[in-house]
Each structure stands twice: as C-alpha cells, then as structure tokens.
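Peer 1: Pasting the sequence and the predicted coordinates here, then a few questions.
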2 protein chains.
Amino acid sequence: MTEPTVNAPTATELPRAESAAANAGTGKSGSNNGRPTLRDVAGRAGLSVTQTSRALNGHSDVAEDSRRRALAAADELGYVPNLAARRLKDPGSGTQTIGVLLTSTTQRFSDPFLGDLLTAMVDEVSRHGFEMLLFSPTVDEDPVAALERSVRHKRADGYVLLRLQTKDPRVAFLSSAGVPFVTLGRPVVDGPYRRVVGAEDSLDSAVGHLVELGHRRIGAIALPAGYAISDRRLIHFTDALTRHGLPVDPSLITTAESFQEDGGRSAMEALLAAEPPPTAVIGFNDQLAIGALAALLGHGLRVPDDISIVGFDDVSLARFISPTLTTLHQPVERLGQLLIQQLVAAIDDPDSDHEVVVKPELMVRESTGAVASATH
Amino acid sequence: MTEPTVNAPTATELPRAESAAANAGTGKSGSNNGRPTLRDVAGRAGLSVTQTSRALNGHSDVAEDSRRRALAAADELGYVPNLAARRLKDPGSGTQTIGVLLTSTTQRFSDPFLGDLLTAMVDEVSRHGFEMLLFSPTVDEDPVAALERSVRHKRADGYVLLRLQTKDPRVAFLSSAGVPFVTLGRPVVDGPYRRVVGAEDSLDSAVGHLVELGHRRIGAIALPAGYAISDRRLIHFTDALTRHGLPVDPSLITTAESFQEDGGRSAMEALLAAEPPPTAVIGFNDQLAIGALAALLGHGLRVPDDISIVGFDDVSLARFISPTLTTLHQPVERLGQLLIQQLVAAIDDPDSDHEVVVKPELMVRESTGAVASATH
DNA sequence: TTCCTGTTCCGAAACGTTTCGGACACTTTA
DNA sequence: TAAAGTGTCCGAAACGTTTCGGAACAGGAA
C-alpha cells in the first residue's frame, strides 16, 4: 500500500521535496520584486512548476493530493500571480477592467445624475470582480482617438459610453474594432450591440398629468442638440402633446445651451417671451428645471401658482428645493447595474445584441398645480 | 565618401536588409495578437532587436541614422510596445495609472463637490499621461483590504484618498507599504506624505460676515463625526466665535447624520428647538445648508428675513436655488489639479513630504441678511 | 605596424507564466 | 502476455521586452 503509488503523500515527501530542493538550488528566488513566484510555490509544494500552475488554475490532470499541497504552499507564501507574465503568455486573458470614457466638455460629474450613475456603476463593477478605468481625451484629442489609444493598449475588456451623440463616432469605432461595449441610450446608427435605454415615452405621463391640471400651453426646455437623448425626448414630448389633442407650438419649445442650470435659466427667459407664455414647462432634466425655477423667481412669478414646472431624472436634490420638484424618476442605481451587467455579458459573448428598457415614473410634488386662469 | 561608413544609409540598404530578412526568415511574426512586435520593427529597420529597443527608448549608444530608421519603421508598422512584456521584464516601470478608492457608504458622487473634484482630477490625470482607476471594496470588504488588493496587483502607481477619516487606516497602510499617495485633508496621524488641505480657518470670514450683520447667536451644522474635515471645521468655527467675542453654546451646534440634504434638514430641526434659536446657521457643506433651507421653509420661516444661512463649498447649484446661497467658495478645479500634481510628484520622489493649503473665499449672496430683532 | 579608445552594434539571457508533447507507472482489455 | 488505456506528472518552449557582456570596427597615438 505504501510502495506502489507514484507519489506517496504521507511519509515519503522527501524524494519530492528533494527534487524541489534541487530546483530551489538552481533556481534563483529573490527576483519578482521580493514576491514569491510560481517556482517558489512549486518548490515548497514539492511539485514541478507545470503541475503547480495547473493545480492553481483548476485543471483536471492533477492529483487531488498534489492540488492540496500546491494550494497550501501558495497560501502560506502569500503567492499572487504576476499579471504581466500571465498576460504576456496569454494575451486573450482579460484585464478585469472596464473603461469609461469621459468627454471633457459635457460629461462633467457636476451633473448629479451622472454622478449617481457612476457611483452605481463602480459598485456593480466591483461586485463582478472588475475595476473601472476612467479616462478622458488629452487636450486637443478626439474622443475617438482617446478610445483608440485605450483599445490599442488593451487597457480594458469593454467600454461604457455615456452621453451618446445622435450619430456617435465612438459607437462606430468600437463596433468596427470588435470591442465589447454598452451604451446608455440608443443612437440613430443602430448596430448589433448591447444598450440600456430609458423609455422617454414616459414623458406622456408628465404631459397627461399637466393636462389633467388644466394646462393647454405646455412648454419644453430641450437638451442641447446633437445628443441621442435630446432628439428622443423631444419626439416623445411632441408625440405626447398630439396624443392629448394639443397642438405643437414651436414657440413653446426651446433648446437649452447646456445641461446645467444656467442653460435652463436662459431657456426659461426665452419661453417667457412667447405670446402667450406657457402655463407649464417641462425641463428635460432636473438641472434645467431648477434653472427655470430660478428664472421664474427672478421675475417674481410663483410656482406653481403662476406656472408649473416638471423635471426629468429625479436627482436627490429635487425633494429639497422649494417648491419640491415634480419630476420623472429614473432608477439611477438600477441603470448603473444594468449597464455593467450588460457589459459583462457582452464581454463574455461578443457580438451579442440586446436592449434593456427602463421606464421612469412620474413623481408629483409641489412644482405643479392647477392652471391659474383657464385658457380654453 | 560612400564607402567608409559602416552603415551606408542610402544605396547600401541591402546588406542590412539581408540580415534583417534572415532574421525575418527564422522569426515568426504573426503572434502578438496580430500586432507588430519589436522583432518586426527590427527586421524592417535592418537592425537587431537590441538596437531597435535602445533606439526607441532613447538610449545613447545608437547611431543617429539607425535611430531614424528604427523610428520610421516603428511608425510605418504602427508599432505599440507590449506593456505586459515590458512590465514583466522591468517591474519597476509604472502602470501610468493612479488609483482612487471609493468607500461605498459615504463617498458617493451624488455629492456635487466630489463630482466636480473627480472631473477635475480626471482632466489633470490625462494631462499627465496617466489614467484613473476607480475602485471600491467588494461587499463586506474593508476599504484597507481593497487597497491592499490593488497594491498587491500593482494596479496603480499611486493613490488618492478622499473623505479622510480622523485616524485613517488607509493612510497608515499606504505609508507602511511605501506606496505613493496624496490626501485631501489632513488626518490626526501625520506622517510624511503629500496632501492638499483646505484652510478651514476661512470659516472666520463667514462668522465675521454674520457678526457684521448683527448676529450673536450663530449656529452650526457639523459634518458627521469621524472625518478629518469634520473636526477641523468644527474647531475653526469655535475658534472664530471666540475670536469675535462670542460664547460657544453647545446647544447651537448639531452634528448632521449624513453629508446630504436630509442630514441638514434634521439638524436644522434640532437647532430650531434651541432656546432661543440661532439667528444664523452655517452648514459645513452646501448640501447641509440646502437641507437646512428646506427645513426652514417647511416651518414657514423666511431666509434671510427670519434666519440667515451660510454654506461651504460653493457648488454650482448655490447660485440657482432661492434664495441664492451665501457660501465659502472652494476652487474645486484647482483642488483636483493640485491633488494630481502632488501625487505625480510623490510618484517621482517617494517619501517626500509636502502640504499645499488652499483658502476658500466667502461669496455673499441672498441667504444672509441683517438680524431681524437685535438681541444684544 | 601595434595598441588603445570610443562608437556602434549584437547575441543571449532573463522576467514569470502557460501549455505542448511526451513520459512514466499502473490497470484493463484482448 | 502483449496491447491499449488512464491518471499524473514534468521538461522545454514560448510570449515580447530590456539589458548584460562583450565584439567589431574606425581612427589616432605610439
């Protein structure tokens, strides 16, 4: 019973340990920046480097006992695989990293929606054992060039694209490069890839809410032109108007010059110049709506007595300004999770195609009320 | 003139190209995932791999002509060095990455200050040719453990620590591990390392402003306990009070339960219960101040007629709420830049020690006014 | 001529990992 | 008893880069 087995595990450790010692004799250990290497683990476990590697990586042709010894040795030595070496040998192995490209002009996280989204994504990313690489174009660099640089260096296994443009060159590039990616929103050019889109047709419920309150002249502050989300929200808004039997009056639709409060403020000024002005205004995000509120208060107008305001996103602040903001709630945490889950799925299965739709929900608060002087 | 030089560059390319061809003959090229390797470049330039490497890396012992050929060949082939191989050979070479640890509970970017800071940091990071790695502890993982994991895997050359705790274990860990890092704020345990701190003594100017307006009972909404910034701002606040000859009344100081608006709101409720209540309140960040505003409006109190409110940070929103918020302006963009610059300096020169102090500036807006009924 | 010096070059080894192709000792099947 | 199969194991090569230790050569000094 003791003799026949090739590797007597119990008392006969010596012969193996001996060969290991020989190994250690020739082998030079103090090299990997002080950290133990696979060779060290192998020496300690009394195995060859090959078997140790296979044991640690869960391959099949390694005896149960050897695997235990390898694992134990690795544990005792505090062995951590050298990623560089692993990636050098097998370029296919991923980086366990997902990339998020920030385009410097518009994608600032001062936008609380984007901030919350990022937070949610980071959490979900770490839940999948990945890390998140944040990068932006250098001065005078094209966003696509930055993306290309990152892809060339294989810095990430996949990418998240935010603030999608109507005809986004980044989508085109990543598609043609065969790199997994996921988008929030859907551009016009629709290729096979994964995306998470908000159902902007929920603007219908906002319009419906205002119509119920008696509003007939409903204005809109649209997002800056050129972004996928801008067009879609606008279309869904006009659709909602006609569905409720209201005319689409171009003088009641203004496009903001930024995503921030200042854009909302100037846009509101423009809307007030309409003849007659709207009795209710929907800002296509909360920051625009808040800017509009500021403009109204500057004119001595009361909300909602003189005019009603609706936002979009439901950032946390919406419940703390005065009046509290009626808005369309986006489940931002869920959006972040979905984005990452879809991306991870895309990394596992490239050229898959999937679309997840998330529908916002109307939160009625103080900034909307019955129309003052009914204008039927 | 044509003969004597060893490497006739013009017509005599052949002999070298020949050896290159021989090299290419033995060499197998289609390996590096389709991308050209140093061997390919060498073949094309008619040089050895060694010389090509030295040429591309700007070493001295390579003829000017050879260097040009190497550079040209690399350019034509679109050669990109394989980072894994480089790092395998020379573990000292950095990752050109800086790490930012997010602790999931408090460090959400819904805080617009942190969001803006992050944006500024990303920009500055890319300006230095680095990228930013964002990571957070996995569920049930200690922040220090997450940091340790990242350090072990050598994911970043240095780290930024935000939302510093009073006695921050992350500082202790990174210090002892000898990893470069930079902090925003200064913890109690002060080791040799680089940091950027805001001069919270500028609270003195806020208190002075209120005193000038006749206020004698000045309350404060402090940041949650346990953070470096919380204690420091509180100390500077009480110092400012005594410097202006005012007593420190504990009933006028409440500690918020969060960094967000809801924390400010409940804290304000507590302050209103004081007897008599304060005529002015300083929120130790803008979100707390905004929460306080909401609480006051809920009680039918007017700002600044009945009570004055001051914030801290000057987030962009401060100019758009009503009333606009008097607050201490932090140059967040500059803070982000400094943070990264200090970190890069620390990476170049480890165990350097430096502190940069940035002083906020008081922005007087609508939320502060003369005290209603003077209580001398 | 011979010896040195400085410039420019190259082969080979090394970094730490994975994997290919076999090898060995048994056991089962024919 | 020979042949085929099984379960384990290992040496050696390979990934792409950098660098060590010379080597080849030209020009100048002796």
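Peer 2: Here it is on my side, so go on. Bear in mind the structure is a predicted one, so any value in this text is a computation, not a measurement. Numbering: from 1, shown residues only, chains lettered A, B, ... in the order given.

Peer 1: can you map out the helices along chain A?
Peer 2: Secondary structure of chain A (DSSP state H): helices at A:13-26, A:38-45, A:49-56, A:64-77, A:83-89, A:112-127, A:143-152, A:169-177, A:203-212, A:228-243, A:261-272, A:286-298, A:332-348.

Peer 1: what does the stretch 101-250 of chain A put close to chain B?
Peer 2: A:102, A:104, A:108-112, A:114-116, A:118-119, A:122-123, A:125-127, A:129, A:131-139, A:146, A:150, A:152-155 (Cβ under 8 Å from any Cβ of the partner chain). (Glycine included, C-beta is placed from N, CA and C.)

Peer 1: what about burial for the residues you listed, which qualify?
Peer 2: A:102, A:104, A:108-112, A:114-116, A:118-119, A:122-123, A:125-126, A:131-137, A:146, A:150, A:154-155 (16 or more other Cβ atoms under 10 Å in any protein chain shown).

Peer 1: of those, list those near DNA strand D.
Peer 2: Counting by Cβ under 7 Å from any atom of the strand, nothing from those sits close to DNA strand D.

Peer 1: May I have the residues that are in contact with the closest residue to A:Val100 other than its chain neighbours?
Peer 2: Excluding the flanking residues, the one nearest A:Val100 by Cβ to Cβ, 6 or more residues apart in numbering or on different chains is A:Val160, at 4.9 Å. When contacts are counted by Cβ atoms under 8 Å, 6 or more residues apart in numbering or on different chains, A:Val160 touches A:Ile98, A:Gly99, A:Val100, A:Leu101, A:Met121, A:Phe181, A:Val182, A:Thr183, A:Leu184, A:Leu339, A:Ile340, A:Leu343.

Peer 1: now with 7 Å?
Peer 2: Contact analysis of A:Val160 by Cβ atoms under 7 Å, 6 or more residues apart in numbering or on different chains lists A:Ile98, A:Val100, A:Met121, A:Val182, A:Leu339, A:Leu343.

Peer 1: List the beta-bridge partners for it.
Peer 2: For A:Val160, the beta-bridge partners are A:Val100, A:Val182 (DSSP bridges).

Peer 1: if I look at it, how far off is DNA strand D?
Peer 2: Distance of A:Val160 to DNA strand D, computed by Cβ to the nearest atom of the strand, to the nearest Å: 28 Å.

Peer 1: just A:Asp349 next, same as before
Peer 2: From A:Asp349 to DNA strand D the distance is 26 Å (Cβ to the nearest atom of the strand).

Peer 1: for A:Thr166, same thing?
Peer 2: According to Cβ to the nearest atom of the strand, A:Thr166 stands 39 Å off from DNA strand D.

Peer 1: ok, now A:Ser308?
Peer 2: A:Ser308 is 63 Å from DNA strand D, by Cβ to the nearest atom of the strand.

Peer 1: residue contacts, that residue?
Peer 2: A:Leu210, A:Leu213, A:His215, A:Thr279, A:Ala280, A:Ser367, A:Thr368, A:Gly369.

Peer 1: Kindly report the same for A:Met363.
Peer 2: A:Asp314, A:Thr326, A:Thr327, A:His329.

Peer 1: one step back: out of the contacts of A:Val160, flag the one nearest to DNA strand D.
Peer 2: A:Ile98 (23.9 Å; Cβ to the nearest atom of the strand).

Peer 1: these two touch, right, the closest one and A:Met132?
Peer 2: Yes. Between A:Ile98 and A:Met132 there is a contact under Cβ atoms under 7 Å: 5.8 Å.

Peer 1: before we move on, back to that, and the contacts of A:Val160, which are buried?
Peer 2: Judged by 16+ other Cβ under 10 Å, buried ones among the contacts of A:Val160: A:Ile98, A:Val100, A:Met121, A:Val182, A:Leu339, A:Leu343.

Peer 1: thinking A:Glu355 is in contact with A:Val197, fair?
Peer 2: Yes. Applying Cβ under 7 Å, one finds A:Glu355 in contact with A:Val197, separated by 6.3 Å.

Peer 1: The residue nearest to A:Val100 and A:Leu339, how far apart?
Peer 2: Counting by Cβ to Cβ, to the nearest Å, the separation of A:Val160 from A:Leu339 is 6 Å.

Peer 1: Show me the common contact partners of those two, please.
Peer 2: Common neighbours of A:Val160 and A:Leu339 (Cβ under 7 Å, 6+ apart) are A:Met121, A:Val182.

Peer 1: Please name the residues that touch the residue lying closest to A:Ser53 once chain neighbours are set aside.
Peer 2: Spatial nearest neighbour of A:Ser53, excluding adjacent residues (Cβ to Cβ, 6+ apart): A:Leu38 at 6.1 Å. Shown in contact with A:Leu38 (Cβ under 7 Å, 6+ apart): A:Val49, A:Thr52, A:Ser53.

Peer 1: what about the last one, how many neighbours?
Peer 2: Here the number of neighbours of A:Ser53 (other Cβ atoms under 10 Å in any protein chain shown) works out to 18.

Peer 1: For it, give its distance to chain B.
Peer 2: Distance check for A:Ser53 against chain B: by Cβ to the nearest Cβ, to the nearest Å, it reads 16 Å.

Peer 1: Check what pLDDT the nearest residue to A:Asp201 once chain neighbours are set aside gets.
Peer 2: Of all residues not flanking A:Asp201 in the chain, A:His236 sits nearest, at 4.9 Å (Cβ to Cβ, 6+ apart). Listed pLDDT for A:His236 reads 94.

Peer 1: Am I right that A:His236 is in contact with A:Leu203?
Peer 2: Yes. Using Cβ under 7 Å, A:His236 is in contact with A:Leu203, at 4.6 Å.

Peer 1: Output the contacts of A:Leu38 as JSON lines; include the columns pLDDT.
Peer 2: Below are these laid out as JSON lines (pLDDT from 0 to 100):
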{"residue": "A:Val49", "pLDDT": "94"}
{"residue": "A:Thr52", "pLDDT": "94"}
{"residue": "A:Ser53", "pLDDT": "93"}
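
Peer 1: Out of those, the closest to A:Ser266 would be?
Peer 2: When these are compared for distance to A:Ser266 (Cβ to Cβ), A:Ser53 wins out at 63.7 Å.

Peer 1: So, low pLDDT: which residues of the stretch 1-150 of chain A?
Peer 2: Scanning the stretch 1-150 of chain A for pLDDT under 70 picks out A:1-34, A:92-93, A:104-110.

Peer 1: how does it look with 90?
Peer 2: Along the stretch 1-150 of chain A, the model assigns pLDDT under 90 to residues A:1-35, A:57-61, A:78-97, A:102-116, A:119, A:123, A:126-131, A:135-142, A:146, A:148-150.

Peer 1: List the contacts of A:Pro137.
Peer 2: Counting by Cβ under 7 Å, 6+ apart, A:Pro137 makes contact with A:Thr103, A:Ser104, A:Pro143, A:Ala145, A:Ala146, B:Ser126.
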